[in-house]
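>>> structure for this input, please:
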Amino acid sequence: MTGTGTGVGAWLRYGGPIAPAEVDFAVAHYRTAVLQPWEREVAARLKDARPDMTVLAYRCLSSARDFEPPERCASGIGWREADARGWIAHRSGEPVEWSSYPGHFQARVWDPDYRAAWAEHVAGSLEGTAFDGVMADNDVFEDYYGLDLPAIAAADPHAPADVAGLRLALSELVDVAGRALSATGRLLVPNIAEARREPGRWKRHAAWGGGFDECWLGWGEDILFDAATAAAQAGQLDGPGLGLLRTPSGGSGPEYDGSRQGLYGLAMFWIIGAGSPRLSYAATGHDDYSRTPWFPAMDADLGRPCGPVRKSGRVWRRRFEGGVAAAIPDGESGGTVTLPHGAVQPGPLGRPDGAPLPRRLRLRPHEGVIALVP
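Numbers count the residues shown, from 1 in each chain. Alright, predicted model coming up:
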């Protein structure tokens with residue numbers, strides 16, 4: 001049976017094994033899914049039930065993992081092949097292992113042969129599958145993994161000696177892979193780190209199908225951005241292609257996320273994104289990709305916007321056909337938002353049948369509200 005999910009959720013599910021009940025839940029509640037590339041049966045089941053859902057296969061642009069068997073490889077190039085063909089970076093004669101992820105080794109993304117092979121392998125791996133494309137992880141902006149690029153470059157004349165050179169190499173890899181996937185009718189959606197810090201970075205890297213921002217509105221559940229930084233990320237929601245946005249949140253339980261960060265991120269998603277069907281939203285904890293995080297407001301349908309974003313004091317607010325989204329991006333004391341008469345919280349299924357909301361609601365910094373009008 002074809003599902004009728006209307007939520008805005010993104011199912012970032014590239015952790016442990018997937019239970020059948022999770023697939024049923026995803027059909028009902030998500031508009032985008034990112035799965036491990038070997039989850040072919042799950043991808044097929046999702047697309048069969050929800051042809052409108054975008055289903056992407058996870059692949060890492062930047063690492064090869066020595067613990068992965070060839071048939072369950074999340075990297076673009078498996079460890080054995082990458083090692084044999086000289087595509088693992090070395091430092092002081094030893095392969096460069098990522099400091100925070102044991103078993104992940106830095107690939108020589110600056111090698112044109114590696115880039116061509118990555119694109120060929122990944123594009124070929126989608127043949128005969130239901131995947132719409134690839135989410136390419138670790139399109140990094142800085143040296144997040146203790147690479148020590150000058151030390152690598154000292155022994156590798158082709159290696160970049162700084163992060164600017166690493167970013168350039170990854171940009172070239174994104175273009176090579178994007179062309180290869182586009183030629184087969186598939187999407188490339190990189191996890192584009194820190195796009196706000198480099199003018200044009202998001203549009204260039206999202207040109208082949210869209211972009212994923214794993215740190216939308218914050219670095220972690222206790223490290224959320226101020227209003228100026230949030231505003232700098234706003235342009236990413238204009239495309240091109242899909243926009244996958246993840247706000248960091250601790251969450252609670254296998255399905256329900258009752259955190260204030262999750263609701264805050266969703267309110268900002270609506271305020272800035274205006275309900276665009278190209279966008280999808282997730283709120284998860286750090287490396288929290290083994291469950292089905294969700295809360296009822298993610299299925300709420302606010303309808304079309306009735307005007308632009310309004311900012312008054314600390315409050316960001318937008319009116320829609322079906323209600324209001326409001327949030328406080330920063331500050332010390334918060335602010336008060338005036339809600340429509342009769343506004344209610346989304347009910348258990350995201351419908352406008354939840355608890356009544358007051359006409360004037362006080363929000364703390366990094367809090368938001370989705371207010372529906374029955």
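
>>> low-confidence ranges, the stretch 1-150 of the chain, go.
Flagging of the stretch 1-150 of the chain using pLDDT under 70 yields the residue ranges 1-5.

>>> residue boundaries of the helices in it?
20-29, 40-49, 79-84, 112-125, 149-155 (DSSP state H, counting those that start in this stretch).

>>> for Met268, find the nearest of those helices.
Taking CB to CB, helix 20-29 is the member of the helices of the stretch 1-150 of the chain nearest to Met268, at 19.9 Å. All C-beta spots, glycine's among them, are computed from the backbone N, C-alpha and C.

>>> now that closest one, how far from the centre of its chain.
On the basis of CA atoms, centre = their mean, to the nearest Å, helix 20-29 sits 19 Å off its chain's mean C-alpha point.

>>> which residues touch Ala282?
Applying CB atoms under 8 Å, 6 or more residues apart in numbering to Ala282 gives the contacts Gly9, Ala10, Trp11, Leu12, Leu244, Leu245, Arg246, Thr247, Pro293.

>>> pretty sure the second one sits against Ala26.
Yep, that's Ala10 we're talking about. No. Taking contacts as CB atoms under 8 Å, Ala10 lies outside contact range of Ala26: 10.3 Å.

>>> so what sits against both of these two?
In contact with both Ala10 and Ala26: Ala33, using CB under 8 Å, 6+ apart.

>>> which pair of the contacts of Ala282 spans the longest distance?
Longest span within these, CB to CB: Trp11 and Thr247, 14.9 Å.

>>> the two: which is more packed in?
Trp11 (29 against 26; other CB atoms under 10 Å).

>>> quick one: the more buried one from Gly335, how far?
33 Å (CB to CB, to the nearest Å).

>>> mind exporting stretch 27-46 as PDB, just the C-alpha atoms?
Output of stretch 27-46 as PDB, limited to C-alpha atoms (Å, rounded to 0.1, in the frame of the first residue of the first chain):
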ATOM      1  CA  VAL A  27       6.800   5.600   5.500                       C
ATOM      2  CA  ALA A  28       4.300   7.400   7.700                       C
ATOM      3  CA  HIS A  29       6.500  10.300   8.900                       C
ATOM      4  CA  TYR A  30       9.500  11.200   6.700                       C
ATOM      5  CA  ARG A  31      10.000  12.800   3.300                       C
ATOM      6  CA  THR A  32      13.700  12.000   2.900                       C
ATOM      7  CA  ALA A  33      15.800   9.000   4.100                       C
ATOM      8  CA  VAL A  34      19.600   8.400   4.200                       C
ATOM      9  CA  LEU A  35      20.500   4.800   4.600                       C
ATOM     10  CA  GLN A  36      23.700   2.700   4.400                       C
ATOM     11  CA  PRO A  37      24.300   1.600   0.700                       C
ATOM     12  CA  TRP A  38      23.800  -2.100   1.500                       C
ATOM     13  CA  GLU A  39      20.200  -1.400   2.800                       C
ATOM     14  CA  ARG A  40      18.800  -2.100  -0.700                       C
ATOM     15  CA  GLU A  41      15.700  -3.900   0.400                       C
ATOM     16  CA  VAL A  42      14.800  -1.100   2.800                       C
ATOM     17  CA  ALA A  43      15.300   1.500   0.100                       C
ATOM     18  CA  ALA A  44      13.100  -0.500  -2.300                       C
ATOM     19  CA  ARG A  45      10.400  -0.900   0.400                       C
ATOM     20  CA  LEU A  46      10.400   2.800   1.100                       C
END
